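> Structure for the following, please:
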Amino acid sequence: MPPTAFTALDTPRLRLRRFRDTDLKAFVAYRALPEVARFQSWSDYDEARGRALIESMQALQPGTPGQWFQFALEERASTTLVGDLAFKVSESEPREAEVGFTLSPAHQGRGYGTEALRALLDYAFGTLKLHRVIAITDALNAPAAALLERVGMRREAHYVENVWFKGAWGSEFLYAQLAREWSVR
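So this is what the prediction gives:
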């Protein structure tokens with residue numbers, strides 16, 4: 001599917017929107033935390049890396065096959081940046097996408113991850129008319145697995161020691177949901 005012009009996705013408490021230059025300080029602050037980086041591809045996160053990501057998102061549209069799009073996750077009442085969600089439509093199978101998420105520890109435990117991921121799945125299946133959405137998480141990341149199951153995704157695979165990650169072999173879970181499953185939730 002071709003990308004559609006994107007402004008924002010609103011939920012009762014949250015807004016998934018484009019990153020702004022003014023998000024840099026808060027974005028880097030939570031991404032630099034060791035507990036946030038533990039299951040992510042980075043070990044440290046500095047201002048230059050954060051600025052590069054924010055700038056790279058300016059011209060992209062979510063739904064462009066083969067390109068990750070990072071949504072800023074904002075608490076609507078306070079306009080505070082509370083996390084971000086990643087979204088990439090597959091280049092080889094443009095009716096499938098992958099999602100990911102990062103929440104600031106200061107804002108975890110409030111249901112924001114569930115609310116935001118549901119909004120992103122609504123966008124993927126409703127607006128973009130995708131057939132399937134997947135998520136891959138470290139098998140040790142129990143909170144992420146629980147979140148994926150809360151939104152109705154099913155665990156399809158357990159890859160045992162399939163990835164060399166931060167100096168050790170790691171295992172991953174693959175979760176997925178189909179459009180027809182999302183429509184009957």
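
> what helix or strand is the residue nearest to residue 27 when sequence neighbours are not counted on?
Leaving out its chain neighbours, the residue that sits closest to residue 27 by CB to CB, 6 or more residues apart in numbering is residue 50, at 5.1 Å. The C-beta positions use only the backbone N, C-alpha and C, and glycine is treated the same way. Counting by DSSP states H and E, the element that carries residue 50 is helix 47-57.

> Contacts for that helix, please.
18, 19, 20, 21, 23, 24, 27, 28, 31, 42, 69, 70 (CB atoms under 8 Å, 6 or more residues apart in numbering).

> mean confidence score for the next helix or strand along the chain from that helix?
Counting by DSSP H and E, the element after helix 47-57 in chain order, helix or strand, is strand 69-75. The average pLDDT within strand 69-75 is 97.

> And the next helix or strand past strand 69-75?
As assigned by DSSP H and E, the chain's next helix or strand after strand 69-75 is strand 80-89.

> Tell me the gap between that following strand and the middle of its chain.
5 Å (CA atoms, centre = their mean, to the nearest Å).

> Next SSE downstream of it?
Immediately after strand 80-89, counting by DSSP H and E, sits strand 96-103.

> What strands line up against that following strand, and which way round?
Paired neighbours of strand 96-103 in the sheet (DSSP bridges): strand 80-89 (antiparallel), strand 132-138 (parallel).

> now those in JSON lines, with mean neighbour count?
Below are the strands paired with strand 96-103 laid out as JSON lines (neighbours: other CB atoms under 10 Å):
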{"stretch": "strand 80-89", "mean neighbour count": "22"}
{"stretch": "strand 132-138", "mean neighbour count": "20"}
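
> now the ones you listed in TSV, with mean pLDDT and distance to residue 46?
Below are the strands paired with strand 96-103 laid out as TSV (pLDDT from 0 to 100; distance: least, CB to CB, whole Å):
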stretch	mean pLDDT	distance to residue 46
strand 80-89	98	16
strand 132-138	98	23
